[in-house]
Structures are given as structure tokens and as C-alpha cells.
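Q: Sequence first, predicted coordinates after that:
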Amino acid sequence: MLIPATDTISASDKHCIFRCHDSWFSVPAISVREVTLMTPLYQVPHCHQSLLGICHRRSEFIPVLSLHHLLQLDDVAFRSEGSSLLVLEGRTTWAVQIDEAAAITSLETIVAPDSRSDLAGTAPVRGTATFGDKIVRVLDPIGLYQAAQKAVHDFWKGADQQTQSTPHVIRENRE
């Protein structure tokens, strides 16, 4: 359930606060398309564990990410029961598996020193904030998506290199 914040703050200053397992996160509310119940996921074979799968929603195929695997927080198993999707928009549409959406509100973020942009892209975690008695990791959707792209690309590149370095045995057919 989303709790509306006061109208005195512009939409670009508001954040969508959500829980994923035992951790709290936020993304700019302007990047959120919707929060919806989890739909069936289709696994992508031989893929990095941060990509949980692809779902089909409103005539679109949407990649669904696991924040815990992407941010390397801990080893939490995928759960589809009681889960929701936080669907985000930017250059493309994608989603994150979450447990609960708590609020849309303004946050005063303490920016992390390593969250600045560099040549590789934008850092996924911009900083921290508080929401009630909870510590919230403030996420940058562009940085998250770039991190997911890099994780999947590196995983596939490593798999290709391993396949190329494995000697192929050619057996002679003797009849």
C-alpha cells in the first residue's frame, strides 16, 4: 500500500520506499510506473542470478531483477509467494522483485562518497536516508540497470571464454 506524501513537495523530489526481504530501499517516485502483484516468471537459461527472469505484463516482456543478488547483499532465495513487482521506467521498462511498497514521500539523502558518476556509469546506491526508524538505501535506477547489464554481460562473456578454451574432442566414426 502506498501512502501519499504532502503536496508541497514536487514529484521529482519524492521517493518510493519499499522493502525487499529485511532491507529497505527507495527510488525516485518519478521512475516508478507501478507496483503490482508478481506475475509468472520465465527463466533465462545460463544467466547471472541477478536476473530472476522475464515476465509478460501489458503486452511487454519485462526483465525482473533481484536486488540482493545485484547488490551482493546476501544469499536470499527467490520467493514468488507474497511478492510484488516494482516496475520502473527509464530508457527501457524493467522490474524489481519486492515484498512491500511502504510510501511515496520526500527523503533527505546522505550521499555516499562512492556514488558519483565515473567513466563506467552511475553507482546503483546513491546514499542512505531514514524513514521512521528504518535505514533506507537510496537507489539510482539508471545505475541499477547499468549494473544488471554489466553483470549479465560479464557472466555471458565468461561463459563464452570458458566454452572457447575447452578442447573439443572429435571422434572418428569407424564402421
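A: Thanks, I have it.
Q: Partner strands of the helix or strand harbouring Ala101 and their direction?
A: With secondary structure defined by DSSP states H and E, Ala101 is part of strand 100-106. Strand pairing for strand 100-106, determined by DSSP bridges: strand 14-20 (antiparallel).
Q: Kindly provide the whole-number mean pLDDT of the strand it pairs with.
A: In this model, strand 14-20 carries a mean pLDDT of 96.
Q: Run through who's touching the helix ranked longest in the chain.
A: Assignment by DSSP state H gives helix 141-165 as the longest helix of the chain. Contact partners of helix 141-165, identified using CB atoms under 8 Å, 6 or more residues apart in numbering, comprise 27-28, 31, 46-48, 50-51, 63, 65, 67, 70-71, 88, 90-92, 94, 96, 120-126. Backbone N, C-alpha and C define where each C-beta goes, glycine included.
Q: Separate out the buried members of those.
A: For the contacts of helix 141-165, a burial check counting by 16 or more other CB atoms under 10 Å picks out 27-28, 31, 47-48, 50-51, 63, 65, 67, 70-71, 88, 94, 96, 122-126.
Q: State whether Ile30 is indeed within a strand.
A: No - membership of Ile30 in a strand is not supported by DSSP: H, G, I helix; E, B strand; the rest coil, which gives helix.
Q: Could you list the buried residues of stretch 22-33?
A: Ser23, Trp24, Phe25, Ser26, Val27, Pro28, Ala29, Ser31, Val32, Arg33.
Q: what's the span of it, first residue to last?
A: The straight-line separation of the ends of stretch 22-33 (CA to CA, to the nearest Å) is 24 Å.
Q: How about the contacts made by Ala29?
A: By CB under 8 Å, 6+ apart, the residues touching Ala29 are Ala11, Lys14, His15, Cys16, Ile104.
Q: Just list whatever residues bridge to the third one.
A: Spelled out, it's His15. Pro28, Thr105.
Q: picking up where we left off before, and the strand holding Ala101, which residues are buried?
A: Buried residues in strand 100-106, counted by 16+ other CB under 10 Å: Ala101, Ala102, Ala103, Ile104, Thr105.
Q: can you tell me the average pLDDT over the helix or strand Leu88 falls within?
A: Using DSSP H and E, Leu88 sits in strand 84-89. For strand 84-89, the mean pLDDT works out to 96.
Q: next helix or strand past it?
A: Next in sequence after strand 84-89, counting helices and strands by DSSP H and E, comes strand 93-98.
Q: Next, the angle helix 141-165 makes with that following strand.
A: Strand 93-98 and helix 141-165 are oriented at 90 degrees to each other (axes from the mean of the first three to the mean of the last three CA atoms, to 10 degrees).
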